[in-house]
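In: predicted model and sequence follow; I will ask about them next.
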There are 2 protein chains.
Amino acid sequence: MVLGIDPGTAVTGYGVVRKEGRNPLTLVECGVIRTKPRDDLAQRLAEIHDGVAELIRRHKPTVLSIEDIFYARNVRTTVVLGHARGVILLAGAQAGIEIHEYPPSEIKKAVAGTGAATKLQVQFMVMRLLRLKSAPQPTDAADGVAAALAFALAPDLPKIQPIRFSVR
Amino acid sequence: MVLGIDPGTAVTGYGVVRKEGRNPLTLVECGVIRTKPRDDLAQRLAEIHDGVAELIRRHKPTVLSIEDIFYARNVRTTVVLGHARGVILLAGAQAGIEIHEYPPSEIKKAVAGTGAATKLQVQFMVMRLLRLKSAPQPTDAADGVAAALAFALAPDLPKIQPIRFSVR
């Protein structure tokens, strides 16, 4: 069971994906944790932390797969996002689960074949890969699922064997 | 009782200051929460969160006074610092205590009279204001105490009365 998270202070998207042996991947749950813009940051962080901790309690994932920081043009935005990521990583550490971080471009590449995929392409491919009747809504939820897929599909991605030189 | 925090991923400084009516301010405790650079970020965040939560349980402060984000030249550094601040604000929100945030320059101004005060000046003034025999060590601990003092001394700082215009 993999919990994927797309962090945000206003909207945090999540997706829970089950991976059993050679069986096809299945979507267990997806959605968003929404916080009120009027609440102060500390209160919003508490809601994000509680939401993620609750998902971990409910689904008992063995892996938390999370989008790495996206360096927005606005430094303030990026820093506030860092606060949200902080409490999400904390929830993972408190539950003692494995944490994997992927840059946004790697997540897009894993699900849509290119790091330059649009939000719509990601939504579409998430739907295809999990054989869903419709794409997860809103896009933040699809991004959460995509983060889970980035880990779940990783072993199937072609790997470039590193060349090792031995120096004597 | 005021808990002051100077956040950092490697070293988080703290100071607990007691303020009772017109009595002089007293230092109850100060120190640092140190994390291992070898541990992964999630583990370090858990240690910072637990450390702050433990201080709150032990001293039952009514106020958490914390340094606002310092925009380091290196964006990566600032963002990682955001993660640490996130789990500290969370600890405050979980305990339901009042949170006050001050920019570094305001904290320096409150304790040393100028926003351009050096680390040494801050250490010296913290010692003076709390009638200590020696300055708190390391400087991160002094910075934590200074954050607590910024709130504790705030009502004594001269205030500029805003002029209100009534428009009919």
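Out: Structure's in. What do you need?

In: what mean pLDDT does the lengthiest helix in chain A get?
Out: Counting by DSSP state H, the longest helix found in chain A is helix A:75-95. When pLDDT is averaged along helix A:75-95, the result is 94.

In: just the helices in chain A please.
Out: Using DSSP H, the helices found in chain A span residues A:41-59, A:75-95, A:104-112, A:119-129, A:139-153.

In: out of those helices, nearest to chain B?
Out: Taking CB to the nearest CB, helix A:75-95 is the member of the helices of chain A nearest to chain B, at 2.7 Å. Glycine gets a C-beta too; all of them are placed from N, C-alpha and C.

In: what's that closest one packed up against?
Out: Helix A:75-95 is packed against helix A:41-59, strand A:63-67, strand A:98-102, helix B:41-59, helix B:75-95, with contacts defined by 3 or more CB pairs under 8 Å, 6 or more residues apart in numbering or on different chains; DSSP states H and E.

In: residue numbers of chain A in contact with chain B?
Out: When proximity is defined as CB under 8 Å from any CB of the partner chain, chain A approaches chain B at A:40-43, A:45-46, A:49, A:69, A:71, A:75, A:78-87, A:89-90, A:92-94, A:99.

In: okay, buried residues for stretch A:75-90 please.
Out: Across stretch A:75-90, burial judged by 16 or more other CB atoms under 10 Å in any protein chain shown covers A:78-90.

In: now, the most widely separated pair of those residues?
Out: Using CB to CB, the two most remote members of those are A:Thr78 and A:Leu90, lying 18.8 Å apart.

In: deepest-packed of the helices and strands packed on helix A:75-95, please.
Out: Comparing those by mean neighbour count (mean count of other CB atoms under 10 Å in any protein chain shown), strand A:63-67 ranks first with a mean of 25.

In: what about it, distance to the chain center?
Out: Chain-centre distance of strand A:63-67: 5 Å, with CA atoms, centre = their mean, to the nearest Å.

In: over to stretch A:141-159?
Out: Chain-centre distance of stretch A:141-159: 9 Å, with CA atoms, centre = their mean.

In: outside of it, which residues touch it?
Out: A:2-6, A:12-17, A:19, A:25, A:27, A:30-32, A:63, A:65-67, A:100, A:102, A:106-108, A:110-111, A:119, A:122-123, A:125-126, A:129-130, A:135-136 (CB atoms under 8 Å, 6 or more residues apart in numbering or on different chains).

In: quick check: mean pLDDT across it?
Out: Per-residue scores along stretch A:141-159 average to 83.

In: just stretch A:112-119 next, same as before
Out: On average, stretch A:112-119 scores 93.
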